[in-house]
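Q: Build the 3D model from these lines:
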Amino acid sequence: MVEEKIKPELFWVMDYYSESGLTKKDYYEQVAKEVEFAEKLGFRGVWIAEHHFIDYGIVPSAPIYLSYLATRTKSIRIGPAVSTIVFRNPVQVAEDYSLLDTLSNGRLNLAMGSGYLKHEFAGFNIPQEAKREIFDEALEIILRLMKGEKVNFHGKYFKYENIGINVLPIQKPHPPIWIAVLRAEAAYHVGKKGFNLMMIPYATVDRIEDIVPVINSYREGIKGSNASTEISLAFHTHISKSFHDAVEESKEYLHRYVFSRLYAKRRTLDELYNSGLLLLGSPDDVANQIYKIWKLSGLNRIMFLVDYGMKPFTLVTDILTNIREKVAKSLETKGLILDFEDK
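A: Predicted coordinates for the structure are as follows:
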């Protein structure tokens, strides 16, 4: 049997709910402990969302929180999912993440995107219709600066004369780059430029089968490129003794999360359960779901979004342990390896 490998990672939106009884400081600490636990289990990476203005996500400055996580860990890779570079000065983005890569001893994975939440564009006074042009200019500047270039740039939105940064990343020519997409057209351009692809199907499509044209478009863009690219997909995950138990245990937290999302299509929990966009059930159920997703997409990395709706720490760690010990074992029987780091 041919064995295929997928790197297991974790993703936090960092959605916050005051009814949980935790302060925001408490929750930052809980997630840090979850990251420490994940590292001990051998998960390959952690991703933290960047959001602004409301409690849907309470990490407005990902480099600061990721620096804190870097001090709490030794080997697990860290990154933003995503750095919304449309809202930032690209020189400062290059500086912040170059410094983070240095302080973390070259453990940075850097995912970038153009944003999609209306209130964030309004808050930063950025016209949403201009986001693609701003993103393209900012991305070019960031990557050139991280490579150590002196940049002269005269674009529509940014203008710089002979500027460089004084701290370069350890990883050369720059940390691995992922670009987050919402649609097939964008995926094609990401592939054509040779970047890794990141997607959260829950936020992008109605059913898991709908990822196929997006992935196909990405691969079409890659054709002719010598780039070695990776596909990273994120899924809300809850594992218990059975599908019924997983539904009952996660219902409160999923309901919180679903109805905290602004502008998203409103779906009932039953619609979500039937969509294939969640990893839910017993370890064997979840293994079967991952295998189906792999057959559809050929993903290289899977990001488990376990702590949504502010689940208790012990519930999160139980699920992480189930992924490591039971889901991985079930997948091995199908020739699919969750490639944890050896400890």
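Q: Ramachandran coordinates for the residue nearest the centre of the chain?
A: For the chain, the residue nearest the mean C-alpha position is A81 (4.0 Å; Cα atoms, centre = their mean). Torsion angles at A81 (phi, psi; degrees, to the nearest 10) stand at phi -140, psi 80.
Q: For it, list the residues it contacts.
A: The contact partners of A81, by Cβ atoms under 8 Å, 6 or more residues apart in numbering, come to F11, W47, I48, A49, A111, W178, A180, M198, A234, M303. (C-beta placed from N, C-alpha, C; glycine too.)
Q: now G123
A: H52, F53.
Q: Check P60 too.
A: E50, H51, H52, F53.
Q: repeat that with 6 Å
A: H52 (Cβ atoms under 6 Å, 6 or more residues apart in numbering).
Q: neighbouring contacts of stretch 16-28?
A: Contact with stretch 16-28 is made by D55, I58, R256, M310, as judged by Cβ under 6 Å, 6+ apart.
Q: Give me the nearest residue to the last one, chain neighbours excluded.
A: Excluding the flanking residues, the one nearest M310 by Cβ to Cβ, 6 or more residues apart in numbering is S20, at 4.5 Å.
Q: so where is the stretch 201-343 of the chain shaky, pLDDT-wise?
A: Low-confidence segments of the stretch 201-343 of the chain (pLDDT under 70): 261-266, 343.
Q: can you map out the strands along the stretch 151-300 of the chain?
A: Ranges of strands in the stretch 151-300 of the chain, per DSSP state E, counting those that start in this stretch, are 151-154, 159-163, 177-180, 196-199, 231-239, 278-281.
Q: Indicate which one of the ones you listed is closest to I290.
A: Nearest to I290, of all the strands of the stretch 151-300 of the chain, is strand 278-281, at 6.7 Å by Cβ to Cβ.
Q: What strands line up against the closest one, and which way round?
A: In the sheet, strand 278-281 lines up against strand 231-239 (parallel) (DSSP bridges).
Q: How far does the strand it pairs with sit from its chain's centre?
A: 9 Å (Cα atoms, centre = their mean, to the nearest Å).
Q: same thing with stretch 313-330?
A: Distance, stretch centre to chain centre, for stretch 313-330: 19 Å (Cα atoms, centre = their mean).
Q: Can you give me the buried ones in it?
A: Using 16 or more other Cβ atoms under 10 Å as the test for burial, stretch 313-330 gives L315, V316, T317, I319, L320, N322, I323, R324, K326, V327, A328, S330.
Q: Now do that stretch: distance from first to last residue.
A: Taking Cα to Cα, to the nearest Å, stretch 313-330 runs 25 Å from one end to the other.
Q: re the thing from before, what's the burial count for the residue nearest to M310?
A: Using other Cβ atoms under 10 Å, S20 is surrounded by 16 other residues.
Q: now it: how far from L280?
A: 22 Å (Cβ to Cβ, to the nearest Å).
Q: Quick check: the residue nearest to M310 vs H255, distance?
A: 13 Å.
Q: what's the answer for M146, then?
A: The spacing between M146 and H255, counted by Cβ to Cβ, is 41 Å.
Q: Of the two, which one has the most company?
A: Neighbour count, other Cβ under 10 Å: between M146 and H255, M146 has more, with 25 against 12.
Q: what sits against the more buried one?
A: A94, S98, P169, H174.
Q: Most neighbours among these, which one?
A: Taking other Cβ under 10 Å as the neighbour criterion, A94 ranks highest of the contacts of M146 with 28 neighbours.
Q: Check it and give its pLDDT.
A: In this model, A94 is scored at 98, pLDDT.
Q: so what's it closest to, chain neighbours aside?
A: Using Cβ to Cβ, 6+ apart, the closest residue to A94 is L145 (3.9 Å).
Q: For that neighbour, pull up the helix or strand it's in.
A: Using DSSP states H and E, the element containing L145 is helix 131-146.
Q: now that helix: how far from the chain's centre is it?
A: In this view, helix 131-146 has its centroid 20 Å away from the chain centroid, taken as Cα atoms, centre = their mean.
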